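Engineer: Quick check, what structure comes out for this input:
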Amino acid sequence: MSYESLPRFLAKIDLFEGLPADTLTDLIGRGTTLTTPAGASVVQQGGDDNGLQVVLEGSAEVTVNGEARPALGVGDYFGEISLLDGQPRSASVVAGPDGLTTFALSSLAFAPVVKENPDVAQTLLKALCGRIRSLEAAQRA
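Structural biologist: As a prediction, this is how the structure comes out:
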């Protein structure tokens, strides 16, 4: 994925949807692109590394307490909870059979953007609330 298309790609993801272009450009400038080979660990449950990763290419397998969760694909993300609360990782993520390329944003890079742009925090909170509601609905079904 080229750097020029990254802003358009991220703008379609619920975490960043509706952010002003200059704020999104600032976030991208503070992040990096990571490539993980097939089968390699991306993050470990309980790990103290925190940061958000958005899947740009490939897929990833997710486990929580050893139980498989739905796989992640292009446009999915993980680490948003640890990004906000600084607590250990709540899941393990392993790169899928074709490997994994992500846009990664550390909590150190993210914090100043939130302080300078309250819209970022509001957008993130809406996305997290949407995930909570989806989980609650799935548990009732």
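Engineer: which stretches of the protein aren't confidently modelled?
Structural biologist: 1-4, 141 (pLDDT under 70).
Engineer: Show me where it has its helices.
Structural biologist: Under the criterion DSSP state H, the chain contains helices at 6-11, 21-30, 80-85, 107-116, 118-140.
Engineer: Show me the one of the ones you listed that comes nearest residue 39.
Structural biologist: helix 80-85 (22.7 Å; C-beta to C-beta). Every residue, glycine included, has its C-beta placed from N, CA and C.
Engineer: Kindly format the C-alpha coordinates of that closest one as CSV.
Structural biologist: What follows is helix 80-85 as a C-alpha-only set of coordinates in CSV (Å, rounded to 0.1, in the frame of the first residue of the first chain):
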residue,chain,number,x,y,z
GLU,A,80,-7.1,-0.1,20.8
ILE,A,81,-7.9,-1.0,24.4
SER,A,82,-4.3,-1.2,25.5
LEU,A,83,-3.7,2.0,23.5
LEU,A,84,-6.2,3.8,25.7
ASP,A,85,-5.7,2.2,29.1
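Engineer: ok so, going back, determine which stretch of the helices of the chain is the most buried.
Structural biologist: Highest mean neighbour count among the helices of the chain (mean count of other C-beta atoms under 10 Å): helix 80-85, with a mean of 18.
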